[in-house]
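Visitor: turn this into a structure:
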Amino acid sequence: MPPMSEGFGDRIEDYTELEFLGRGGFGDVYKARCLNTGIDVAIKKINIKLMQDHGMIGRVREEVAIHSKLRHPSILKFYTSFKDAKYVYIVLELCPYGDLQRFLKKHYVQRLSENEAARIIKQVAEGLLYLHDRNMVHRDISPSNLLLTAEMQVKIADFGLAKLMKPNQNNMTMCGTPNYIAPEVATKSSHGPKADLWSLGCLLYTLLVGKAPFDSGGVRSTLALIAKGYYNLPSYLSDSAKDLISRLLQKEPHHRIELRDILKHPFITSIEKKYQEKMLMSRALSRDRMADSGLGKTMSSVDRMVRGRSRSEERASMLPSSYNPLAPHFTVRSDPVTDRNNCQNNFAYQNKRNDYSHEQTSIRSGIPPSRSRVFSRTSHTSVDDINCQRNDKQKYREQAGDYLKDQDVNVKLQTPPLNSKRLLPTRHRTKNVILTILDNGEVCLEFIKRKNNNMERIGEVCRISSDGLQIILYKLRESREIDDKPPPLPAHGADIYSYENLPSRHHRKYVYAARFVNLVKAKTPKITLYNERAKIHYMENGPRPDCEVHFYNGIKVTCVDNIIKITDLVGNSYREGEILGELEEFYEHYKKCYQHCLCLEASLHTLESATEESCFPVIIGRRPLSAGNFSSLQGKENVLRVINSPQTINNSPVMPSFDYSVMSGVTLKSKRTTSNRSIQYDYKKEYIPGIGNGIQLPNGDIKIEYEDGSTLTVFPKSQGNEILYERNNGMISKYSTNQHKKLQIPYEVQKKLRRDLPEVISHFVQSSHRNIR
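Guide: Numbers count the residues shown, from 1 in each chain. Next comes the predicted model:
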C-alpha cells in the first residue's frame, strides 16, 4: 500500500486555507485544500512556543508517531505532518460533520435510538480492537473525539493522550475527559487497554440516555462518583443495552467484557441481522419484479423459501419498542460478581421479537447524505452468534435477583407482553389495587394494605415498562398513605425481572396489569374520523378493535367485543339483528365507517413501515359546520323523524368523545314487536349560558355537554351514585362518590360538580314550573 502522505505537500504553501473549524489548547484547526491532489483536508496548526512553554513537545511527537502508523476504516486518516519556524502542521482526513458531541447536540434533542447507537459502538469497538492488537491505548474515547465523515462513518480521532505500551504494561497517569475516565484512572491506579472499555461503556450510555452516567456538573464530584462505581440505569433501555452497559462499566477492569466479545454481543449483532434481513428482502423483491416481467422463472425452491422467510422476519423486525426519557430509574452498582458470567437469559424473547431500535429519524431528515448510508458501514470483523448457555438453577436465581422456586424457572407467562404505547395517563382504583398508567407509559400497580384501624396504605408496588418486557417489584419498608401518584423507587433497591424470567408467583400481578391496559385500549381512539354524518372512534384494542360511531343528531352505534349495539336518544339499545327499521340507515352507515377505518389503519401501517415514523393516533377530517343537515337522508320518511327530533332543532349538542355508561333502564327491544312503532323522545334539554347543554334522561341521569367538548354524566343513587367524565381529548374516567375523593375525583371534576350541576338542576326545576303554569 502506498504511503498515506503520497501526493500531499510538505509545506503550508501547498494548501489553500478555506475555513476555520475550531480551536484547541495549543492551536487551531482549519479546512484546507491540497493544491497537489485537490483533496479537502483538515490541518491541525499547533503553536510551537506554546508547546514549549507547557512541555508538550514530547506528547505531540508521540501523537504523530502513533497516528501516522494507523490504517483502519474507523480511525481518522493521517496524511502527513511538517513544521516551520512557528507551527507544527498535521494534515488529517476532513470530517464535514464534525465531532459526534456537537452533531448530537444539533440534531438530537435527547438521545439516539438503540439501533443507531449500536452502529456507532460497533465502529468504535472495531477501531479500538485494531489499536489494542497493536498495543496502543487511546485513553480519551468520548463523543468530542469521534468525528463523522460525509458518509456518516465514525472515525476515532485525537491521539494526543494515546499511549504505545509494551505487553502487560500499565500506566499511572491520570488523563482523559472527566465524564469518561475509568475508575482506575480517576484514582490514579495502574491502567491499561481496559480503560478504553470503560470509556466505551460511558459512550454507549450517553448515546442511549442523553447524558454521561456519572455527570454531576463538577469535575471533583464526577470523579468521586466514578470511583464509587454507582450509576442510574433507565428502565426504558432494552435488556441487551442494559447488559452491555453493565458489562462495560465494571469497576474492576478484569471483570469488563472482552473487546472482541462486544462485537458478538446481541446489542451489536442485532443490527447486522437486521441488515442481512433487509438485504434478503431487497433481493426477493427484485426477483419478484423479474418474475413479473417474464424473467427469473427458474428460481429454485430454496430461493422461494428464503424470500418467504425474509418477509416474515422483516415484519417481525418492524415491531415497535417503546421508550420514554421520563421513565423511572433504578440504581445499579458496578458489581463484578453478579455481572461477570452473565448468560444473557433475558434476550431470548427480545431476539425473536424486538429490533432493539426505538427508532428516531431526525438524523436522517436533517442531514444531506442519503438515509440509507447513515451509520451503515458493514463490518470488517466477522460476527458470530452467541449461543447463550444456561447456568445451573442456582446461578439463574442469582441473575434474577431472587431465590426462586424450581417451578418459577420454567413456568412462562401465558399472556403476551402488554403494550401501553400511545395510552394517555390514567389512574383507577379497585378494592385492593390502584392501577396507573404514567406519562411515560409505565404501568404501575399499588397494593393496598389495611391496618387494624382500617387505615388504607400502600405496602407493595409493581412497575411494568411500557413494552411489558421489564418488571420492577418492591415492598416499602414503611407503608405509605394513598397519594395521587405511585411511591417512588426506594433507596434500598428493588427486584428487577424481565418478561422471560418473572417468577410464577408474580404472574397474577402481570396478568392483572395486562387486563387493565386492554380495558384502557378499548376506550382510547387510535383513529378519530369525521365525516358528514358522524364522528367515529376506532380504538386501540385491535385486531378487530372496538368502535364507536356518534351521529351528530345523537344516535350512537358501538361495537364492543364484536357485539354491535345501536342506542337511540332516550337510551334504548338494540343488538344487531334487533334494530328498528328507523335505525337501519344508521347501522348501515356504521358498517361503512368501520370498513373505512380498517382500510385507513392498513394504509397508515404501511406508511409507518416505509417511513419509520409513527402515524397514530390520527384525527382525520373535522365536524361539518352544519352537522344536522344530512342531504343523503333527505326525503326518507322513517329517518326524518329522527333528524327533526327536539334534540336537533336548536343547540345541537357538542359531540362527546365516547360514552361507556350502560343505563340501568336500557332494555333490548325486539324488532318483531316494535318495527312499526315510532321512537318517542321523552327527555329534558336546556341550554345554560357559559356551560353548555344540560340533558335529563328519563332514567334520572343528568348529562352536561360542555362547550369545550367534554361531558359530565351523573347517575342517581339507584345506579350506584357514579360519575362519568369524558375529556375533550377522548379520555374517559369513571368515579364513585362512595370512595376516597382525593383519589377518585380530580379537582377539575369536583369543581364542575359543585359549580355546574346545581345550575343545571335549577334550570330543569324552573322549566318544570313553567310547564305547570
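
Visitor: please tell me how far Leu147 sits from Gly24.
Guide: Distance, Leu147 to Gly24, using CB to CB, to the nearest Å: 14 Å. Placement of C-beta: from N, CA and C, glycine included.

Visitor: so between those two, which is more surrounded?
Guide: Leu147 (23 against 13; other CB atoms under 10 Å).

Visitor: need the pLDDT of the closest residue to Asn432 other than its chain neighbours.
Guide: Leaving aside its sequence neighbours, Asn432 sits nearest to Ile448 (CB to CB, 6 or more residues apart in numbering; 5.3 Å). Listed pLDDT for Ile448 reads 94.

Visitor: so Ile448 touches Met455, yeah?
Guide: No - using CB atoms under 8 Å, Ile448 makes no contact with Met455, being 10.3 Å away.

Visitor: which one of the two is surrounded by more residues?
Guide: For Ile448 versus Met455, neighbours defined as other CB under 10 Å are more numerous around Ile448 (17 against 11).

Visitor: which secondary structure element contains that one?
Guide: Here Ile448 sits within strand 443-450, counting by DSSP states H and E.

Visitor: for that strand, packing partners?
Guide: In terms of contacts (3 or more CB pairs under 8 Å, 6 or more residues apart in numbering; DSSP states H and E), strand 443-450 is packed against strand 433-437, strand 456-464, helix 507-521.

Visitor: quick one: closest of those to Glu184.
Guide: strand 456-464 (34.9 Å; CB to CB).

Visitor: strand 433-437 and that closest one, what's the angle between them?
Guide: 40 degrees (axes from the mean of the first three to the mean of the last three CA atoms, to 10 degrees).

Visitor: report the buried residues of the helix or strand that strand 456-464 is followed by.
Guide: Next helix or strand after strand 456-464 toward the C-terminus (DSSP H and E): strand 470-481. Residues 470-474, 476, 479 are the ones in strand 470-481 that count as buried (16 or more other CB atoms under 10 Å).

Visitor: may I see the residues you listed organised as JSON lines, with distance to Lys77 and pLDDT added?
Guide: Supplementary listing: the buried residues of strand 470-481 in JSON lines, determined by distance: CB to CB, whole Å; pLDDT from 0 to 100:
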{"residue": "Gln470", "distance to Lys77": "42", "pLDDT": "76"}
{"residue": "Ile471", "distance to Lys77": "48", "pLDDT": "86"}
{"residue": "Ile472", "distance to Lys77": "47", "pLDDT": "84"}
{"residue": "Leu473", "distance to Lys77": "52", "pLDDT": "88"}
{"residue": "Tyr474", "distance to Lys77": "52", "pLDDT": "88"}
{"residue": "Leu476", "distance to Lys77": "58", "pLDDT": "91"}
{"residue": "Ser479", "distance to Lys77": "63", "pLDDT": "89"}
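
Visitor: possible to save the residues you listed as TSV with distance to Met56?
Guide: Below are the buried residues of strand 470-481 laid out as TSV (distance: CB to CB, whole Å):
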residue	distance to Met56
Gln470	48
Ile471	53
Ile472	50
Leu473	55
Tyr474	52
Leu476	56
Ser479	61
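
Visitor: Gly581: which of those residues is nearest?
Guide: Ile471 (53.1 Å).

Visitor: list the contacts for Lys509?
Guide: Lys509 is in contact with 445, 462, 473, counting by CB atoms under 8 Å, 6 or more residues apart in numbering.

Visitor: now the strands for the stretch 651-773 of the chain?
Guide: 684-688, 692-696, 702-706, 711-714, 722-726, 732-736 (DSSP state E, counting those that start in this stretch).

Visitor: Asp196 is nearest to which of those strands?
Guide: That would be strand 732-736 among the strands of the stretch 651-773 of the chain, by CB to CB, at 53.1 Å.

Visitor: give the contact list for Ala241.
Guide: 114, 117, 204, 208, 267, 356.

Visitor: and with 10 Å instead?
Guide: Counting by CB atoms under 10 Å, 6 or more residues apart in numbering, Ala241 touches 114, 117-118, 121, 204-205, 207-209, 233-234, 265-267, 356, 358.

Visitor: in strands only, show me the residues you listed.
Guide: When DSSP state E defines the strands, the subset of the contacts of Ala241 inside them is 233-234.

Visitor: the contacts of Ala241, buried ones only, as a PyMOL selection?
Guide: To isolate the buried ones among these in PyMOL, judged by 16+ other CB under 10 Å, type:
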select buried, resi 114+117+118+121+204+205+207+208+209+233+234+265+266+267+356+358
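
Visitor: what's the lowest-pLDDT member of the contacts of Ala241?
Guide: Lowest in pLDDT among those is Tyr356, which has 33.

Visitor: domain parsing for the protein?
Guide: 12-93, 105-271+327-373, 273-317, 396-404+419-520, 522-679, 683-773 (automatic domain parsing).
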